[in-house]
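Chemist: Okay, sequence plus prediction incoming.
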Amino acid sequence: MKIEYKLFLYGVAFFLPVGLIYGLWSGWEPIGSLGIPLVAALVGMIGGYFLLLSRRIDPRPEDDPEAEIEQGAGDQGVFSPWSWWPLVIAGAAALVFLGMAAGWWIAYIGAAFAVIGLVGWVFEFSRGQHAH
């Protein structure tokens, strides 16, 4: 996890000076002068989380420069290759964005479909032949 937290914390060191330079250059234009430091804060929160996480977990093969490729072999997580729920969530997101452009009532319908899709995706392995 060393490279991840360093990557994000270096982003803080980049976005803070850039935000200050942009604010001085643009005469403190409200959107960018606030947005760029907020990006620095968000990147800092992610980097801080990765820093705390790297202290709690064992070093991974990616953290060892002398590691062999086969040390990273094995399961990388649980994925459901035949799931239709991501398609439902993508359609719901499309409806929400369409609702922002065409009418808010469409966005509410998309939000309802998003909740249904998210619940279905989360509990997919809790029912049927895949129940644990």
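Modeler: Received the coordinates, thanks.

Chemist: Helix, strand or coil: sort out Trp82 for me.
Modeler: coil (DSSP: H, G, I helix; E, B strand; the rest coil).

Chemist: Please report the distance of the residue nearest to Ala67 when sequence neighbours are not counted from Ala41.
Modeler: Once flanking residues are discounted, Ala67 sits nearest to Pro61: 4.2 Å by CB to CB, 6 or more residues apart in numbering. Any C-beta I mention is one placed from the backbone N, CA and C, and that applies to glycine too. For Pro61, the distance to Ala41 equals 32 Å [CB to CB, to the nearest Å].

Chemist: give me the number of residues near the closest residue to Glu62 other than its chain neighbours?
Modeler: Nearest residue to Glu62 in three dimensions, chain neighbours excluded: Gly72, at 6.9 Å (CB to CB, 6+ apart). Counted by other CB atoms under 10 Å, the residues lying close to Gly72 total 11.

Chemist: where in the protein is pLDDT low?
Modeler: 127-132 (pLDDT under 70).

Chemist: would you list every one of the helices in it?
Modeler: Along the chain, the stretches classed as helices by DSSP state H are 2-26, 30-56, 85-102, 104-122.

Chemist: Touching the third one from outside, list them.
Modeler: Looking back up the chat, that one is helix 85-102. 105-114, 116-118, 120-121, 124 (CB atoms under 8 Å, 6 or more residues apart in numbering).

Chemist: Right, I'll leave it there.
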